[in-house]
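Colleague: here is a sequence together with a model predicted from it:
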Amino acid sequence: MDRNWVSFLNKKLDRCKIKSLPDRQAVYLVATLPCKTEPDKRKQQQIPTGLKASDLSTPDKAKELAFRLDEELSIGTFSWSNWSKDKIATKKGSAPRDSILFSELCEAVEARFDAHYPGEPKAGAGIYTAKYKPTISLFSKLYGSADLGAICQVIQEIESPSSRQNIGSIVSVTLDHMGLKWDKQPLFDAKKGYNKDQLNEKDIPGDDELLAIWHSIKDPRWKWVHGMSMAFGTRPSELLSVEFEEEVINVMTYKTKSKPYLREAWALPDEWIEELDLREIHKPTCSRLNIARQYSDYMDRNKLKHWPLYNLRHAYAIRSLVQGIEVSTAARLMGHSESTHKKHYQLWIDKKHMRAMRERQRDKFKRA
């Protein structure tokens, strides 16, 4: 096995490492794991992968196993029963897969282009530059494994409708090229994004309902996630980067055609910071792309009423319009363009919202 490759990959792993023993041609995963006989105790242990360092296919297979273990340890789903010799062999074999590596997806996008457009240039104007290259650029910023839900989350957060459609379409044909028989309906829905027909008052939870849901949550991680989403209108993927600075927060925002950047967000209403104890940070131990799904899974398991986290972001946007906050300011606080803000949210203002806006703006409509 290429020692440089192992070293490079280990730098990307948070909770486990790959280790090879050249003298025995063996490859192991090393991590701090629960003891098999005393699960409450943990110590550094090795998991044999059954791979041989001399095999050409070992780097790819070891990478897949390492990222799977890293993810399980991050979200707390590790179990020795999933890492028996038979289970590892199944994962390496030809059984149907429910997740792929982001790096694997990027390689497959490139391979799909090469297979369908042989001889086509990859520079200048053309389909590669317009569609394939942006898709590779987006997913190359991510590492680890992802199921279709995580991939859809990335696509749905793309602001530009045309970019969202293009990248969603390229991912769709790439999955076919890889021979993955996934139900792609969630992908088709994700690349549509939000359109006028979908914007409906019933999709916007009220503040009283959101507070009642917050009170019903017992797990401090998901209580904090819910509180931050409703108070600051953040995207789920931004929550792991939250840093408080007095009365505001800084979060990392990920865009399709630019590098991630740090932006500022304000709570609305500001009082929720103290009332919901949001400075007591309880970040979930999962990938930023899995926060929305993990939150919904927790609420479903505990039979708690809830809304998708993105609906809490929509509620923040409507709240800002009703409060009379300038559209340019509200859009900047939410990390998107003014045109996007107007297109998505002004359509949702109904008579109830208009009455509330009039009460708050009444003085502006009196004689000067």
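Modeller: Structure's in. What do you need? Residues are numbered from 1 along each chain as shown.

Colleague: contacts and neighbour counts: CA atoms only from here.
Modeller: Noted.

Colleague: can you give the domain ranges for the protein?
Modeller: Domain assignment for the chain by automatic domain parsing gives 3-92, 100-193, 201-365.

Colleague: could the ones you listed go into TSV alongside mean neighbour count and mean pLDDT?
Modeller: Shown next, in TSV, are the domains of the chain (neighbours: other C-alpha atoms under 10 Å; pLDDT from 0 to 100):
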stretch	mean neighbour count	mean pLDDT
domain 3-92	16	80
domain 100-193	17	86
domain 201-365	17	85
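
Colleague: what ranges does the stretch 1-150 of the chain have for its strands?
Modeller: Taking DSSP state E, counting those that start in this stretch, the strands of the stretch 1-150 of the chain run over residues 16-21, 26-34, 42-52, 100-101, 145-146.

Colleague: over to the stretch 201-350 of the chain?
Modeller: Using DSSP E, counting those that start in this stretch, strands in the stretch 201-350 of the chain cover 243-245, 248-253, 261-266.

Colleague: summarise which helices and strands the first one is packed against.
Modeller: Yep, that's strand 243-245 we're talking about. Judged by 3 or more C-alpha pairs under 8 Å, 6 or more residues apart in numbering; DSSP states H and E, strand 243-245 is in contact with strand 248-253.

Colleague: now tell me what touches the strand it packs on from outside.
Modeller: Contact with strand 248-253 is made by 238-239, 241-244, 260-267, 335, as judged by C-alpha atoms under 8 Å, 6 or more residues apart in numbering.

Colleague: with those in mind, which one is nearest to Leu175?
Modeller: Using C-alpha to C-alpha, Pro260 comes nearest to Leu175 of these, at 26.1 Å.

Colleague: right, and that closest one touches Ser241 too?
Modeller: No. Judged on C-alpha atoms under 8 Å, Pro260 makes no contact with Ser241 at a distance of 11.3 Å.

Colleague: which strand residues bridge Ser20?
Modeller: Beta-bridge partners of Ser20, counted by DSSP bridges, are Val27.

Colleague: quick one: residues contacting it.
Modeller: Met1, Ala26, Val27, Tyr28, Ala53.

Colleague: any idea how far Ser237 is from the nearest residue to Trp214 once chain neighbours are set aside?
Modeller: Once flanking residues are discounted, Trp214 sits nearest to Lys223: 6.0 Å by C-alpha to C-alpha, 6 or more residues apart in numbering. For Lys223, the distance to Ser237 equals 16 Å [C-alpha to C-alpha, to the nearest Å].
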